[in-house]
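Q: Structural data only, the sequence is not supplied:
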């Protein structure tokens, strides 16, 4: 069982480079009792990509979560700047 929920959503924007990226992570328990760290990333407004890491212990998942958070902060990712945190939001089609 997870002691507390872990969720993160950060963005990196640079209009001069036409850059608008998001990075999201969460740690959740699976139905089988282990722990899963889910990462999603991509261009804001797009579906992006996803990766899951499975662990036997919550501590291992938290350690990877914090390492990834540090690396994203160094690369310029920061708190949300006004876009919706759900990158799968509905898009208009003609």
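A: Happy to help now that I have it. Because the structure is predicted, anything quoted here is derived from the model rather than measured. Numbering: from 1, shown residues only.

Q: so where is this protein shaky, pLDDT-wise?
A: 1, 81-94 (pLDDT under 70).

Q: just how off-centre is stretch 51-61 within its chain?
A: Remark: stretch 51-61 is offset 15 Å from the chain centroid, using C-alpha atoms, centre = their mean, to the nearest Å.

Q: Give me the residues contacting it.
A: Contacts made with stretch 51-61 from outside it, assessed by C-beta atoms under 8 Å, 6 or more residues apart in numbering, are listed as 2, 3, 6, 27, 30, 34, 35, 36, 37, 38, 39, 64. The way it works is simple: take the backbone N, C-alpha and C, and place the C-beta from them, glycine included.

Q: how close does the third one sit to residue 66?
A: What that stands for is residue 6. Look at residue 6 and residue 66: by C-beta to C-beta, to the nearest Å, they are 9 Å apart.

Q: Looking at these two, which is more packed in?
A: Just comparing residue 6 and residue 66: by other C-beta atoms under 10 Å the higher neighbour count belongs to residue 6, 18 against 11.

Q: my read: that one touches residue 63, true?
A: No. With contact defined as C-beta atoms under 8 Å, residue 6 and residue 63 do not form a contacting pair (11.4 Å).

Q: what does the top strand by length along the chain contact?
A: With DSSP state E setting the assignment, residue counts place strand 19-29 as the longest strand in the chain. Outside strand 19-29, the residues within contact range by C-beta under 8 Å, 6+ apart are 1-2, 5-13, 35-45, 48, 58, 61-62, 65, 68-69, 72, 77, 83, 85, 87.
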